[in-house]
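In: Quick one: sequence and predicted model below, then my questions.
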Amino acid sequence: MDVIAVKGLDFSYGNTQILKNINFTVPEGRFAVLLGPNGAGKSTLIKLMLGELPLSGQTGKIELLGQEIRQFKDWKKISYVSQNGMASCQNFPASVEEFVQAGLYTQIGKFRFAGKREREQVRRVLHQVGMGDFAKRLIGRLSGGQQQRVLLARALINAPRLLLLDEPTSGMDEDSTTLFYRLLYQINREQGVTIWIVTHDRKRLMAYADDIWLLEDEKMKLVQP
Ligand code: ADP
């Protein structure tokens, strides 16, 4: 089954066309990478896939998990990690575990407190990203690489089928980047989570990627395999 299927997609901001007849699929369980120069439309494509930009007035369609995005309701199965995702939370007085737990609120409802089961889920995902010892730390006190791993933990808490990432390692040092990619690979291979990652880091991601796509001149090309 295809987790992502984009068919004949055009997209314009006003009179400026950004995407022209884009077609691609990402089968379940793939580790797919999207490359492309700045301004090519990679973030725009992710925003369309997240339903953050409306498709109304545009041609073509996007299907997630076999459902047309205009009718799609299963957003819990899709997670997103952005670039410097915690930049706006630096002074936010939340601990790592509180921040990750907040990812569960769609599941447990605003007015329910996390019980033993939810706390165990938080503990498990923090352990998975190597942040188990940091549960009580304030998120503003972590390094950029640690913050991105916490963001990854939050993205995993609802056991998504698809993880979308937009340059998640930008600004990270070499070791943190390597660690982050290894975690993604582990999540992909061990849990079967489909990964779609926008990056400039072709060289290092080549080892992990099943498919490498290039978005350039409004078009999408498969460059590997
Ligand atoms: P990438 O992620 O590949 O760098 P983007 O999707 O961010 O590219 O942007 C693609 C093009 O669309 C760029 O030329 C950018 O300036 C333009 N753009 C992005 N967002 C908007 C917007 N909200 N309104 C108008 N133009 C936009």
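Out: Arrived safely.

In: can you pull the contacts of the closest residue to Met172 other than its chain neighbours?
Out: Leaving aside its chain neighbours, Met172 sits nearest to Gly145 (4.7 Å; criterion: CB to CB, 6 or more residues apart in numbering). C-beta: built from backbone N, CA, C; applies to glycine. For Gly145, the contact set (CB atoms under 8 Å, 6 or more residues apart in numbering) comprises 169, 172-173, 175-177, 179-180.

In: give the contact list for the residue nearest the centre of the chain.
Out: For the chain, the residue nearest the mean C-alpha position is Leu164 (2.4 Å; CA atoms, centre = their mean). Contact partners of Leu164, counting by CB under 8 Å, 6+ apart, are 46, 49-50, 78-81, 196-197.

In: Does it lie in a helix or a strand, and which?
Out: According to DSSP states H and E, Leu164 maps onto strand 162-166.

In: So in that sheet, which strands flank that strand, and in what orientation?
Out: Strand 162-166 pairs in its sheet with strand 78-81 (parallel), strand 194-198 (parallel), by DSSP bridges.

In: Give the other helices and strands that the helix or strand that comes right after the last one contacts.
Out: With elements assigned by DSSP H and E, the helix or strand that comes after strand 194-198 is helix 202-205. For helix 202-205, the contact count by 3 or more CB pairs under 8 Å, 6 or more residues apart in numbering; DSSP states H and E identifies strand 31-35, helix 174-191 as packing neighbours.

In: how about helix 202-205: buried residues?
Out: Within helix 202-205, the residues scored as buried using 16 or more other CB atoms under 10 Å are Leu205.

In: CA atoms only for it - export them in PDB, please.
Out: These are the backbone C-alpha positions of helix 202-205, laid out as PDB (Å, rounded to 0.1, in the frame of the first residue of the first chain):
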ATOM      1  CA  ARG A 202      22.300  13.700   0.400                       C
ATOM      2  CA  LYS A 203      25.700  12.200   1.200                       C
ATOM      3  CA  ARG A 204      25.000  11.000   4.700                       C
ATOM      4  CA  LEU A 205      21.400  10.000   4.100                       C
END
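
In: Quickly name whichever of the contacts of Leu164 is closest to Ala5.
Out: Comparing these against Ala5 with CB to CB places Met49 closest, at 10.7 Å.
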